[in-house]
Structures are given as C-alpha cells and as structure tokens.
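K.L.:
Build the 3D model from these lines:
(2 chains)
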Amino acid sequence: MAATPLLDIKGLSVEFRTRNGVVRAIENVNLELAKGEVLGIVGESGSGKSVTAFTVIGLLDGAGAPVAGSAKYDGIGVTDADETTMRDLRGREIAMIFQNPRAALNPIRPVGRQIEDVLLRHGLATHETARSRAIEMLKKVKIVEPELRYGSYPFELSGGMCQRVMIAIALACNPRLLIADEPTTGLDVTTQKATMDLVRDLTQDRKMAVVLITHDLGMAATYCNRIVVMEKGNVVETAPVATLFTAPQHPYTKKLIAASPGPNSTLDDLTLKSPSSSSPTVRLAASAKSPKSDKTGSRNILEVFNLVREFPVQQAVNGHWTWFNSSHDKKVFRAVDDISFNLKRGESLGLVGESGCGKSTTSSIITRLMDPTSGDVIFDGKNITALPARNFSRRPERSQIQMVFQDATDSLNPRHSAYDSISEPLKRLLGYRDERLIEKKVEVLAERVGLPQALLRRFPHQLSGGQKARVGIARAIAVDPKLLILDEPTSALDVSVQAVVLQLLDRLKHELGMSYIFVSHDLNVVRLMCERVVVMNRGKIVEQGNVNDVLRNPADPYTKALIAAIPNFEAKTSNPAPPLSMPTQSDLV
Amino acid sequence: MTRISDAMQKKIKHFRYIMVQNPVTIFAFSLFGLIVFLAVFGPWITPYDPLATNATNTLKPPNWDHLFGTDHLGRDVFSRVIAATRLDLGIAVSAVALSFFIGSALGCSAGFWGGWTDRIVGRFSDTIMAFPLFVLAMGIVAAMGNTVANIIYATAIINLPFYARVARAETSIRRNAGYVFSARLCGSSDIRILATQVFPNILPPMMVQISLNMGWAILNAAGLSFIGLGVRPPDAEWGIMVAEGANYIISGEWWLAIFPGAALMLAVFCFNLLGDGLRDLVDPLRRT
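P.N.:
You can find the predicted model right below:
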C-alpha cells in the first residue's frame, strides 16, 4: 500500500468528561484505510468502536474531545478542522449509516425529500432535477415502485426499507468513505443479508472505502477485507480476514472468536476454559439427573393444540378512523395461526422466526399474560387456557411457568434494587414473610446464577448487561418453575457475555430439572441450547423437528433462506467475501 | 442497622451532590428552608403581635422599630408578613397534596387501563380545564361557603387535571414495560403493579409538577383572599394584606402592599426554581 491512505488515524485518544471524572474512551488508536477497502471494526460494547467513527465524522458528543493524535481524511485533519469544513465533508465525502434507521430518518418528512435534502445541500442537484435524482437513488437501493415510495413517510416502511433509504441518503452524493455503524442491528437475518449485500454491491461499483462497525464476527468476516479488533478503547489486533480467523494472535480476539457460536461449535467451546474447569462435574450432574427425568419423560409437560390469536386491525372507513369497531365488518390480523406443538419434561424447544412471525405472541399466551382467540394450552395435564389471563396470577400454576425477558434493562424496575427484584416473586408467589428467610433464599439464588452478593443492593443502572441478565434469570427461577420461557434472553448482550449466560442457563436446566422454550432469531444459539426446534413464519409453523435435522437438512424453503442468511466466519476463512446471491431474498424482504 | 445508616449516608451524599451540581438549586432549597422555618416558628419570632392594633402609631413608613412600617390600624407589617407564611404555605401544601393524590390516582388508572376509564377521566379533566380556572375556584368557594377549607378544596380541584394528565402520559409509556410483565408473572394484581412498579417510576416528572404547582397554589390562595374570599380580616395573609394595602398606594403608603407582595413573589419564585432539584433527588438514575 504505497499510495497515501484515504483515512489515516494516528495515535488518536478521545476523552469524555463525566460525573466520575475524565474517562478515556479510546486510547492511542492507529488505523489506515486505503481507497476501496472494506475495514471491519469489531468489538464489544464500550470498546470504543463507535467513538472512533464519530470522531472521524466530527459528530462527537459535547462532553467528548480528542486529546491526542490525529485523524486525517485525504490529507485533511478532521480532528482540528472547523465546523464549516466538516459540514462540507459530511455527506459529500464521508457518509454514515446509523444503527437504528427508523430513528435516524426524520419521521415527518417523506423519504424522497430527505434524499433531496442532502443532494441540494451539497449542490449536486437543482430543484428541478432533485426529484428525479432521488427516485433514481431509491431505484438503486432496490426499493420497489420508487416513484410511489418517494412520498412515503418512514413509519410506512419496514425496518429493512428504512435502512435502504438511509443507504440511499448516504450514497446520494457519491462519497468516497462510508461509515456503517452496526447497520443491521434490529433487522432480521434475511433482511440483514439483503441490506449488507446491497451495501457491498453499491460500494464495490463505486470503489468506495467502507468502515463497517459491528459486534458480529460472522458479518465482519463475510463483508470485510481487513478487521480491526478493539477492546476497552484499544486496538488489540489488525489483520486480513483470512489470517484473523485462522491464526488469531491476541487472547481477546481468541476469546471473541470462541464465544461466537458457529454451525459446529458446542456450548463448552464458547468460553476458553482451563482444563480444570467445572464443566465435567456439571455434565455428571446432568447425566445423573437424566434417568430420573426419563422415567416421567414420556409425559409432555406442555401441549399446545390449534392455538390461534387474532388482533383487530384498525381500518379507515370513508377515510376516517373508526371510533367504535362494529362487530360485523371487523378486520382481523392472525398473529398466531393454528399452531400445535408439545414439549417434553426436561426438554428444550427452540422457537425460531423473524420479527412478526408470532413467536412472542405464542410465548405470551403460554405464560398466560395474554388470552388466545381459540385453542388450548395443556400444562402438566391441566388446561390452563380455561381461565382468563387476568385471574391466572392467583392460580398455583403461576409459579410453575416463568419467563426471562428479552431486554434485561427494560424488565427490571429502575427503582428496585437487584435484591428487591429477586425477592418479589418469593414474597408474592410463595408468600414468604420472614425477612431473614427471604434474604437467605435470595443469596442462594444469587450464588446459583453467579451474581456477587455485593451487587444485590445495586440498582439496575449500576449493573452491566450480563449482571442484569443474571438478575432476570434469578428472579425467574426463584419460585422453582417447571417451565421457563426464554424470550431472546441474550439478544442484547455481547457475545462473550452471551456465551457465559448460555452456559449458565444450560447448567440451571440440568440442576433444577426445568423445561425450556427458547425463543430466538439466532439459529446458532438455538442449536446449542435446544433438542428440538419449531420454525415459525407469518403465524404458522413451517417446520419442526430435531434441531440438528432441521438445521442441517431444512425441508421448508423459508427455513433454508433463514439458514443461508446467517453470516458466519467458519466457511469464510479460506475465500473471503464470495459474491453470494440468494434468489429468494426479494420475496422475503 | 449498618445497612440503614449506609443507605442514609448514601442519601445524604446524593443530596450534597445534587446541591453542588447546581448553585440555583442551593439557592432554591435555602429559600425553601427559610419559608418552612418561618411557617413553623413564625408566631414565636415575630417582634410584635401581628393582630395587635395601635391607634397612636398608624401608617408609619419603615423604620428601625418597624422594619416594614405599620398599617392603617398600627399593626406591624413585618410581623404580619411572617405570620402569614404559615397560613399561605398551609393552604398551598394541603391543596397540592390533595390534587397530587387524587390526580395521580385518576391519571394512573386512566393511563394503565385505558379504554373507558381513560375516556371518562380524560373528559372530566377536559371539563375542568374548559373553565377559566380562577373563576371556577371563585365559584366553588362562593357556592360552598367562605372558609379556608373551601379555598383548599377549590385550589385542589382546579389543579387536578394537570396531575391527572402528567400521570396518565407517564403511566401509559410504562404500561408495557418489561418490569410490569415480570411483576405480573410474580402474581401481582393490577393495583399492586400500579402502586409498587409504575407509580414510583412516574415520581420524577410529578415532582416537577408539584413544585411548579405549589407556587401557583400560593398565588391562587392569595388571589382568592385578595378579592375577599376565604381568609377574613384581621387574619394575616399575603393576599389580603396586598388588598388592604392597595388602597394606600395612591396616598403614598407603598410599604403596606409592597412587602407582602414581595413575600408572595419570593415564595412563588422559590417553588419554581425547586422543581429541577426535586426531580434530581427522586430520580434513581441520578445516583451512582
């Protein structure tokens, strides 16, 4: 690389002023990016990868400032350029795609206008030509009926389409550098694949350099030429894709690669353990338990028959929203459409599908937080759908079915300490009154989920993501449930934390003899955790069976597309970034 | 035992942090402390009896014996301004407490259950807000009888919709939060969820509302007695003192109206400043 790099970061350090003093977000970061290169920045939350990107584009939070080093874009020092220079650079030369496309778009402005704005700002279109240029951009990002979509508002578009509009805005001025900050978080895997393929195709055509910031090693491996691994504000390793995955140098990189579940890894592989770890004893405990559960194992703990849940759709009558729904012309949307499955005692069942497939509705009905429209849920020989959800909290079955929520932050009351949250079900469901007994039990639970005693008095915002997940799990298992529903319990966690939490969940299942329903969009995680899997699409079950059979030899085209869309690095290590094409993707997105 | 004192210490530390962070808050809290002090100990620290008339010493301008001068009956204005603090603050606190409890109960249930509860509470508060509020308060006091208790009720009723609205909006945001679901999984009833999970979380915005409303309630009480409702002479009250003093401004005896007016202004000003500080105090996210 003899030519001067497009982006040259030398010894960059950024500090943030906070209540607890000055915090160094990134320290002595060195990066080089050649023209047309795709660079992946990989790291877990708090590693400083976004701060690096925001420094380059000059959009740092007011409390943060670069204190040392320099970042040069094509010879221009962006760290000490004035705001006018930066404004000309942004959009024209350096463009950015943000994490949450719906939040990054102006909700009250048609998307076509938003593309026009950037064109007009940089003088690349006049008021006469702007409209046609914007429609042309929409066409380029493969939005169907671009003339029609020109006037659409962001809320009328799906998440994937919003991200395409963001890409259109970013690429409208033909920038030479594109920074994509976790561009596909919150998108389904098939949408993620379609979006990233689009970014790759468009940038390759234009010889644009791309910085792809992601926590997903598989995605970085699929789409990047070179990867930078960051940890706690430091660059720990920089290597081309092939060598990074075959011969990782830094221990942190090794840990990260191990923690990302691939198609062939097992649960024990996820953490790099010394041989003297406790996992053999766990396995022993599991095997000791299994014959006992086999005796009763012939019986199903949960049977779901022809479950249907409909939601009324608000519809416009003569252009006005109806105030009262008249019963005869009510339109309904079937979120769950006639599904049946069962779950054996001590078994884990994966419930897989993309957003809107009805998996969350199904789990809400099974936990009896919601009533089904029709169908039965038989739990432990009793039909629990016979009573309305409202009265279920007083039934003894309430403590038998518990749930671990998707977002640990959201599911903990910000005003309750970890101790309060864990003791709540003990007081309410088991009727514990003796404060000393509760304290003892909470301490046992905390130990079981590996939560240090000292953290019990802390509030949720003082805990890390993994610690919050542990509090949520401790709360769910406090009342010794027979069935635990895990609603994407690790989707908000970093991979290394996810690895530990998954191992914890597996251990608890064996120790406590629980049955799991594991709701997830991540097929690799489901394969690690579950024996059987149910694949849902648009409210229906498209495929179910043994997890290895389904994932290795999927029968249904939807399952096939889902599996094909998972980015992984194990197959990529020999030939980086092969041009994959998927014929079904346009039907799915 | 140690845990409790630990928690206390943490609270004190947090309080100190909030104070240091914002000098305006220090000012507001010390002014508030002064007002409360005067309200509690007022009768013992006034230099003269606020009701004692002195026919030989009427309408004297401020001097070293009478800091704020004397009124048309020879009563010491300084003593009367101090003595009035208890009555004004009492009316405001009771009225605000009443409308806070009733308003947040109504607003929480409207936000949490939605549907008909929401419609009824919503239209009810719209109806109250459709009236010119001060006129409504006048009407209520006139209809129910001219007593201090009725001033409190009237002030509480006209402030009700504001609390109901804030509580409704904040509750409906949190209605579908994960911790509400998990409380339900723990077997909590709706009422329990509202009381233990939702209500404590809407306190920070409600605190801002309370503090703004306190100033407003004081103004309202003073306004009502200014036009002759509620508090009756010879009781010392800022509104009534301004009303009495207003007659003498033209003849040059400005101190009769200015001092109680300034006290009123300071109190309202203090409560308006207090809001941010109070919110920071009850918000757990501000704690580390």
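K.L.:
Where is the longest helix in chain B?
P.N.:
When chain B is scanned for its longest helix (criterion: DSSP state H), the result is helix B:77-113.
K.L.:
Leaving out the residues flanking it, which one is nearest to residue A:343?
P.N.:
By the measure of Cβ to Cβ, 6 or more residues apart in numbering or on different chains, the closest residue to residue A:343 outside its immediate chain neighbours is residue A:302, 4.1 Å from it. Quick note: C-beta positions are derived from backbone N, CA and C, even for glycine.
K.L.:
cool, and residue B:179?
P.N.:
Per Cβ to Cβ, 6+ apart, closest to residue B:179 is residue A:413, 4.2 Å.
K.L.:
Help me confirm that that neighbour comes into contact with residue A:459.
P.N.:
No: Residue A:413 sits out of contact with residue A:459 when judged by Cβ atoms under 8 Å, with a separation of 9.2 Å.
K.L.:
In terms of neighbours, single out the busier of those two.
P.N.:
residue A:413 (25 against 19; other Cβ atoms under 10 Å in any protein chain shown).
K.L.:
how about that one, secondary structure?
P.N.:
For residue A:413, the reduced secondary structure class is coil; criterion used: DSSP: H, G, I helix; E, B strand; the rest coil.
K.L.:
again with residue A:8
P.N.:
When the structure is reduced to helix, strand and coil (three-state DSSP), residue A:8 reads as strand.
K.L.:
residue contacts, it?
P.N.:
A:31-33, A:71-73 (Cβ atoms under 8 Å, 6 or more residues apart in numbering or on different chains).
K.L.:
what pLDDT does the closest residue in space to residue B:142 that isn't next to it in sequence get?
P.N.:
Closest residue to residue B:142 in three dimensions, ignoring its sequence neighbours and counting by Cβ to Cβ, 6+ apart: residue B:229, at 6.9 Å. Reported pLDDT at residue B:229 in the predicted model: 85.
K.L.:
Could I get the contacting residues of residue B:229?
P.N.:
Shown in contact with residue B:229 (Cβ under 8 Å, 6+ apart): B:138, B:141-142, B:146, B:151.
K.L.:
Same question for residue A:550.
P.N.:
Here residue A:550 is in contact with A:533, A:535, A:543-544, A:559 (Cβ under 8 Å, 6+ apart).
K.L.:
For it, give me the pLDDT.
P.N.:
88.
K.L.:
Closest residue of the stretch 51-200 of chain B to chain A?
P.N.:
Nearest residue of the stretch 51-200 of chain B to chain A, counting by Cβ to the nearest Cβ: residue B:178, 3.0 Å away.
K.L.:
Can you give me the pLDDT of residue 55?
P.N.:
Looking at chain A here, since you left the chain open. As predicted, residue A:55 sits at a pLDDT of 86.
K.L.:
switch to chain B, that's the one I care about
P.N.:
At residue B:55, the predicted lDDT confidence score is 80.
K.L.:
circling back: which members of the contacts of residue A:550 are the farthest-apart pair?
P.N.:
Maximum pairwise distance among those (Cβ to Cβ): 10.0 Å, between A:544 and A:559.
K.L.:
shared neighbours, these two?
P.N.:
Both residue A:544 and residue A:559 are in contact with A:535, A:550, where contact means Cβ under 8 Å, 6+ apart.
K.L.:
okay, which residue of the chain is out on the far edge from center?
P.N.:
Since you didn't name a chain, this refers to chain A. With distances taken from the mean C-alpha point of chain A and given as Cα atoms, centre = their mean, the most distant residue is residue A:128, at 41.7 Å.
K.L.:
Wait, chain B was what I had in mind.
P.N.:
Largest separation from the mean C-alpha position in chain B: residue B:185, at 39.0 Å (Cα atoms, centre = their mean).
K.L.:
Kindly report the residues of the stretch 401-550 of chain A close to chain B.
P.N.:
Listed as neighbours of chain B in the stretch 401-550 of chain A under the rule Cβ under 8 Å from any Cβ of the partner chain: A:402-403, A:405-407, A:410-416, A:421, A:424-425, A:428-429, A:457, A:459, A:461-462, A:472, A:475-476.
K.L.:
of the residues you listed, buried ones?
P.N.:
If you count burial by 16 or more other Cβ atoms under 10 Å in any protein chain shown, the buried members of these come out as A:402-403, A:405-407, A:410-416, A:421, A:424-425, A:428-429, A:459, A:462, A:472, A:475-476.
K.L.:
Minimum distance to chain B, which residue of the stretch 301-450 of chain A gives it?
P.N.:
Checked against chain B (Cβ to the nearest Cβ), the nearest residue in the stretch 301-450 of chain A is residue A:411, 3.0 Å away.
K.L.:
So what's the residue count around the nearest residue to that residue once chain neighbours are set aside?
P.N.:
Among residues not flanking residue A:411 along the chain, residue B:178 sits closest, at 3.0 Å (Cβ to Cβ, 6+ apart). When neighbours are counted by other Cβ under 10 Å, residue B:178 registers 19.
K.L.:
What of the one 4 residues further on?
P.N.:
For residue B:182, the neighbour count with other Cβ under 10 Å is 27.
K.L.:
leaving aside the residues next to it on the chain, what's closest to it?
P.N.:
Nearest residue to residue B:182, sequence neighbours excluded (Cβ to Cβ, 6+ apart): residue A:411, at 5.1 Å.
K.L.:
What of residue A:441?
P.N.:
residue A:426 (5.9 Å).
K.L.:
Would you confirm that the one you found contacts residue A:438?
P.N.:
Yes: distance between residue A:426 and residue A:438: 5.5 Å, which falls inside the contact criterion (Cβ under 8 Å).
K.L.:
List the ones among the residues of the stretch 401-550 of chain A next to chain B that fall in helices.
P.N.:
Judged by DSSP H, these include A:410-411, A:421, A:424-425, A:428-429, A:472, A:475-476 as members of helices.
K.L.:
Farthest-apart pair in those residues, please.
P.N.:
A:410 and A:429 (21.6 Å).
K.L.:
Out of the contacts of residue A:8, the closest to residue A:554 would be?
P.N.:
Compare each of these with residue A:554 using Cβ to Cβ and the shortest gap goes to residue A:33, at 38.5 Å.
K.L.:
which secondary structure element contains the spatially most central residue of chain B?
P.N.:
Note on chain B: the residue nearest the mean C-alpha position is residue B:214, at 2.2 Å, using Cα atoms, centre = their mean. Element membership for residue B:214, per DSSP states H and E: helix B:199-226.
K.L.:
in that helix, what's buried?
P.N.:
Burial within helix B:199-226, assessed by neighbour count using 16+ other Cβ under 10 Å, is assigned to B:199, B:201-226.
K.L.:
and if you look at stretch B:40-53?
P.N.:
Quick answer for stretch B:40-53 (16+ other Cβ under 10 Å): B:42, B:46, B:48, B:50.
K.L.:
same for the helix or strand harbouring residue A:510, what does it pack against?
P.N.:
Per DSSP H and E, residue A:510 falls inside helix A:495-512. If contacts are counted by 3 or more Cβ pairs under 8 Å, 6 or more residues apart in numbering or on different chains; DSSP states H and E, helix A:495-512 sits against helix A:251-259, helix A:279-297, helix A:465-477, strand A:515-520, helix A:523-529.
K.L.:
So, low pLDDT: which residues of the chain?
P.N.:
With no chain named, the answer covers chain A. A:1-3, A:19, A:271-298, A:314-330, A:570-589 (pLDDT under 70).
K.L.:
wrong one, I was asking about chain B
P.N.:
Under the criterion pLDDT under 70, the flagged ranges of chain B are B:1-5, B:284-288.
K.L.:
and residue 27, what does it touch?
P.N.:
With no chain named, the answer covers chain A. By Cβ under 8 Å, 6+ apart, the residues touching residue A:27 are A:13, A:233-234.
K.L.:
try chain B instead
P.N.:
Each residue near residue B:27 by Cβ under 8 Å, 6+ apart is listed here: residue B:273.
K.L.:
element containing it, please.
P.N.:
Taking DSSP H and E as the criterion, the element that holds residue B:27 is helix B:23-45.
K.L.:
the inter-axis angle of that helix versus helix B:77-113?
P.N.:
Direction vectors for helix B:23-45 and helix B:77-113, defined by axes from the mean of the first three to the mean of the last three Cα atoms, to 10 degrees, enclose an angle of 130 degrees.
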